[in-house]
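Peer 1: fold the following and give me the result.
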Amino acid sequence: DLLVYSSIYRTLNNKVKANHNIRLKDGQYKLEMSDKLKALEVEVIRSNLVTLFFKEPIDIQETYSDNLRKLVRVTSLNQGKYKVDFSRGKYNIFHYKNGKCERIEAFNSLFHVSLIPV
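Peer 2: Prediction:
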């Protein structure tokens, strides 16, 4: 229940939009981008956004967003329903049944989509 490594590599139209990773080393999280290391001001990361696709975030108030490179708030809306706030009105709502993610609704100013894990 402790994040030790996470990475993101994202392209759009053959252009790299994100390419970085974090790792826990000697009790400190390090962000690596373009061969540069930066210490993150985060003590403990219990989950990242990807883990929410597999496990209900019971008793979790924040999760690490690899895309934003920071912790984001997780709010329980009701049983089996959680909101993850990103920035500027962007957020996701995760729906769980018996602890398993059944649907994710992604909201932003341009779209509202529902994602169903398979």
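
Peer 1: could I get the buried residue list for the helix or strand where Glu102 lies?
Peer 2: Element membership for Glu102, per DSSP states H and E: strand 100-107. Taking 16 or more other CB atoms under 10 Å as the neighbour-count basis, strand 100-107 is seen to contain the buried residues 101, 104. C-betas here are computed from N, CA, C, even on glycine.

Peer 1: count the residues that sit near the nearest residue to Arg73 once chain neighbours are set aside.
Peer 2: Once its chain neighbours are removed from consideration, Arg73 has its nearest residue in Asp85; the separation is 4.9 Å (CB to CB, 6 or more residues apart in numbering). For Asp85, the number of neighbouring residues by other CB atoms under 10 Å comes to 14.

Peer 1: neighbouring contacts of stretch 77-87?
Peer 2: When contacts are defined by CB atoms under 8 Å, 6 or more residues apart in numbering, stretch 77-87 is touched by residues 49, 52, 56-57, 63, 65, 68, 72-76, 91-97.
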